[in-house]
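Q: What follows is a predicted protein model with its sequence.
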Amino acid sequence: MGFPNRSILAVAVLVALSRPIAAGYAPDKAPKLPDGFCPKETGTATATTGECMCNWQHKDGCTGKGCMYQYGLSFYHYSCEDCKCVAEPSS
């Protein structure tokens with residue numbers, strides 16, 4: 001009785017392993033970025049994901065509704081129209 005269940009499980013595992021998994025990978029091509037996106041003075045545009053990584057990696061390194069601060073990185077996506085990186089204050 002346990003044999004058919006093992007066969008089904010084995011087939012399910014083989015099907016799952018044979019499918020390509022794209023999670024965690026950046027796209028192959030960069031999106032068309034708007035003019036003036038991510039000025040080099042305050043940030044660096046990513047090659048394929050359409051994000052601007054702020055030079056000042058601080059929770060206040062970006063202003064705008066779509067700013068993100070995760071894992072110590074301050075950044076925003078090109079779709080955020082009011083986002084911009086902030087220059088690091090001089091000490």
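A: Everything's here; your move.
Q: Where do the strands of this protein begin and end?
A: Remark: strands assigned in the chain by DSSP state E are 43-45, 51-54, 62-63, 68-70, 73-77, 84-85.
Q: Which strands or helices does the third one pack on?
A: Yep, that's strand 62-63 we're talking about. Counting contacts by 3 or more Cβ pairs under 8 Å, 6 or more residues apart in numbering; DSSP states H and E, strand 62-63 is packed against strand 73-77, strand 84-85. Quick note: C-beta positions are derived from backbone N, CA and C, even for glycine.
Q: Mind doing that once more with 10 Å?
A: In terms of contacts (3 or more Cβ pairs under 10 Å, 6 or more residues apart in numbering; DSSP states H and E), strand 62-63 is packed against strand 51-54, strand 73-77, strand 84-85.
Q: Next: the fifth one.
A: Counting contacts by 3+ Cβ pairs under 10 Å, 6+ apart, strand 73-77 is packed against strand 43-45, strand 51-54, strand 62-63, strand 68-70, strand 84-85.
Q: These into TSV, with extra columns for mean pLDDT?
A: Shown next, in TSV, are these (pLDDT from 0 to 100):
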stretch	mean pLDDT
strand 43-45	96
strand 51-54	96
strand 62-63	97
strand 68-70	96
strand 84-85	97
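Q: between those strands, which one is nearest to Y78?
A: With Cβ to Cβ as the criterion, Y78 lies closest to strand 51-54 of those, at 7.2 Å.
Q: For that closest one, what is the distance to the chain centroid?
A: Put simply, strand 51-54 sits 10 Å off its chain's centre (Cα atoms, centre = their mean, to the nearest Å).
Q: Give the partner strands of it in its sheet and their orientations.
A: Using DSSP bridges, the strands paired with strand 51-54 in its sheet are strand 43-45 (antiparallel), strand 73-77 (antiparallel).
Q: What is the burial count for G43?
A: If you count neighbours by other Cβ atoms under 10 Å, G43 ends up with 24.
Q: And the residue nearest the centre of this structure?
A: In the chain, the centroid-proximal residue (Cα atoms, centre = their mean) is T49; its distance is 6.1 Å.
Q: I'd say that residue and S79 touch.
A: No - T49 is beyond contact range of S79, at 11.4 Å (criterion: Cβ atoms under 10 Å).
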